[in-house]
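**Q** please work out how this folds:
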Amino acid sequence: DLIPEFAEVDKTNPNCVVLGDAAENFTYANLNEAFRLLIGMEKPVLISLGKGRYYKETDGLKLDVGAYMKALEYACDVQAEVVGKPAKRFFESALAELGVPAEQAIMIGDDIVSDVGGAQQCGMRALQVRTGKYR
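**A** The predicted structure follows:
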C-alpha cells in the first residue's frame, strides 16, 4: 500500500532500500533485486519498516518483514535501520502525535518483542494478549 507514496521518487540511482510489509510481493525476484541494489552500493543503507518475525492472518501465520530484513542484512553485511516496531523512535513518535506521556500509555499486543518489548523500552506499560499470533 506504500508504493504510491514513492511514486514521485526517482528510482534510477537509489541510495537506499526501504523494506516494508509486502505479503505476496515478497518474492525471490523482489528480494534479489533489493540484494543487488544494496550489494552494488558503496555504503549500503537498508531501512526496514519493522522487525517482526511473523504475523497472523485469517489463513494462518506468515513470515513478516523481519525475516526478509535479516536475510538482506546477512547477504549484504549491513545493519538495517528499523523505523517501525520495536524501535523506540516509533513508539515515541506515536506518543508525541497523541500528546500522551509514556507513563500514561499502555501498549496491548500479541508480540512479546515488537509490541510489549518495544513499548517497555520507551517507558510505557505493556500487556500481551493471548490472541492473534500469541503462541
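**Q** what about Leu2, distance to Val100?
**A** Relative to Val100, Leu2 is positioned 26 Å away (C-beta to C-beta, to the nearest Å). For glycine as for every other residue, the C-beta is placed from the backbone atoms N, C-alpha and C.
**Q** ranges for the strands of this protein?
**A** 17-19, 46-48, 54-57, 60-63, 81-82, 106-109, 125-128 (DSSP state E).
**Q** list the helices and strands the shortest one packs on?
**A** The one in question is strand 81-82. strand 46-48 (3 or more C-beta pairs under 8 Å, 6 or more residues apart in numbering; DSSP states H and E).
**Q** can you give me the distance of the spatially most central residue of the chain to Gly132?
**A** The centroid of the chain falls nearest to Gly50 when counting by C-alpha atoms, centre = their mean (1.0 Å). Using C-beta to C-beta, Gly50 is found at 15 Å from Gly132.
**Q** with Asp21 instead?
**A** As judged by C-beta to C-beta, Asp21 and Gly132 stand 15 Å apart.
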